[in-house]
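[1] Predicted model, plus sequence, below.
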Amino acid sequence: IENYGSEFSDSASEAEIQRKNVEKQKKDELYKKPNSKRRSAKPSKRTVSDLVDVEEGKRMRYHGILAMDAYQRHKKFVNDYLLLYGGKRSDFVRDTSKDKTDSDIIKENHRFLWDEEQDGRKSWEEKLAKKYWDKLYKEYTICDLTRYKENKIALRWRIEKEVISGKGQFICANKHCDESEGLRSWEVNFKYVESNEAKNTLVKSRLCPECSYKLNYHHKKRDVTAKPKKHKKTKDKKKKKEKQEDTIEPTDSKTNPSTSTSEHIWKKPIVVEETKSRSLDKGDNFWQGCYHSKSMIYREEEFDEYFEGMFL
């Protein structure tokens, strides 16, 4: 029994354990970083304060600062600065006298007429004023005649609200007048000074008789009111007279006045009856010709006059 050994002896198990420990040490040395330092069990105070600041910043961003608008955020930062570093609130007061709104920029850079050749050489202020100018309606003008005796007349283009209401086209273009009858169109050579340069251009204004007198107080302007079309009554009458002359034969009233008057009265109806009988004898349709009433013709002319006033 002493000559036979066991594979599970104590010496064999110890050797196997040592071999595994050596292999594990080798693996740890392979995966170990060359310049790694051993971390201490407790972090330093600086690292802790930095982590706290990061977490506090996240909380303030998501719950406080992002929920505020720009003005409230600005006030909070100013108050925090005064609490931490001291100082006066008057040091943070901004001079608002130089602040400008969009309307102020448009007023400063507005032009009555723009030169399309200079579109590529504009600042952002001029582009904003040009964008507003493109929205104006430049067919008729609105004028201010309060200083007409001094020969000082103000003109501007119409806006969308005025175009919808008809101001300047169907209502007097004077700023202080709402008359809508007897309007006349005037072509005005508008002379004005813009950016220290004298300019002039032709514009149209529709004014009532009283405002037209004010406009022409110093110089007579050109009247460009569209004239209504003449009715075709005179032409129709001439054609009827020519037809009557063709149908009626001349008679000697001196020789036999009684026969001449009777022939003059009854001649035309006889001719009409002959033409009707001929048409019926031929077998033509009695309603073949198109009948145009005078009232229909006059109504069409009235519509033409109305639409002429809209497209002057």
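    Everything's here; your move.
[2] now this protein, which segments are flagged as low pLDDT?
    Applying pLDDT under 70 to the chain flags the ranges 1-12, 26-41, 117-120, 228-312.
[3] ranges for the strands of it?
    Ranges of strands within the chain are 137-144, 154-158, 184-194, 197-207, 222-223, based on DSSP state E.
[4] Tabulate those strands (CSV), appending mean neighbour count and distance to residue 122.
    Where you see a C-beta, it was placed from the backbone N, CA and C, and this is true even at glycine. Below are the strands of the chain laid out as CSV (neighbours: other Cβ atoms under 10 Å; distance: least, Cβ to Cβ, whole Å):
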stretch, mean neighbour count, distance to residue 122
strand 137-144, 18, 19
strand 154-158, 16, 20
strand 184-194, 15, 16
strand 197-207, 16, 17
strand 222-223, 11, 35
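[5] Columns distance to residue 105 on top of these, output as JSON lines?
    Compiled in JSON lines, those are given as follows (distance: least, Cβ to Cβ, whole Å):
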{"stretch": "strand 137-144", "distance to residue 105": "21"}
{"stretch": "strand 154-158", "distance to residue 105": "18"}
{"stretch": "strand 184-194", "distance to residue 105": "16"}
{"stretch": "strand 197-207", "distance to residue 105": "20"}
{"stretch": "strand 222-223", "distance to residue 105": "37"}
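[6] domain assignment for this protein?
    45-95, 136-223, 233-302 (automatic domain parsing).
[7] now the helices for the protein?
    Per DSSP state H, the chain has helices spanning 10-31, 45-60, 70-85, 102-109, 124-134, 160-165, 209-215, 233-247, 257-282, 294-310. These are given in chain order.
[8] any idea how far the closest residue to residue 174 other than its chain neighbours is from residue 46?
    Of all residues not flanking residue 174 in the chain, residue 211 sits nearest, at 4.4 Å (Cβ to Cβ, 6 or more residues apart in numbering). Using Cβ to Cβ, to the nearest Å, residue 211 is found at 83 Å from residue 46.
[9] More neighbours: these two, which one.
    residue 211 (24 against 8; other Cβ atoms under 10 Å).
[10] residues in contact with that one?
    145, 172-174, 177, 179 (Cβ atoms under 8 Å, 6 or more residues apart in numbering).
[11] so how far is residue 190 from it?
    16 Å.
[12] now swap in residue 89 and tell me
    Per Cβ to Cβ, residue 89 is found 52 Å from residue 190.
[13] Could you do residue 76 as well?
    Counting by Cβ to Cβ - residue 76 and residue 190 are separated by 54 Å.
[14] go on, residue 108?
    Residue 108 is 21 Å from residue 190, by Cβ to Cβ.
[15] what does residue 114 give?
    15 Å.
[16] Same question for residue 184.
    On the measure of Cβ to Cβ, residue 184 and residue 190 end up 17 Å apart.
[17] dump the residue contacts of residue 96.
    Applying Cβ under 8 Å, 6+ apart, no residues contact residue 96.
[18] ok, the closest residue to residue 169 other than its chain neighbours to residue 186 distance?
    With Cβ to Cβ, 6+ apart as the measure, residue 140 is the residue that lies nearest to residue 169, at 5.5 Å, once sequence neighbours are left out. Shown here: residue 140 relative to residue 186, a distance of 10 Å by Cβ to Cβ.
[19] Kindly report the same for residue 45.
    Counting by Cβ to Cβ, the gap from residue 45 to residue 186 is 87 Å.
[20] Same check on residue 44?
    88 Å.
[21] now swap in residue 22 and tell me
    To residue 186, residue 22 is 113 Å away according to Cβ to Cβ.
[22] so the residue nearest to residue 169 touches residue 204, yeah?
    Yes - with contact defined as Cβ atoms under 8 Å, residue 140 counts as touching residue 204 (5.4 Å).
[23] Run a quick check on residue 153 versus residue 142, I expect a contact.
    No - using Cβ under 8 Å, residue 153 is not in contact with residue 142, being 11.3 Å away.
[24] about what we covered before: overlap in contacts of residue 140 and residue 204?
    By Cβ under 8 Å, 6+ apart, no residue touches both residue 140 and residue 204.
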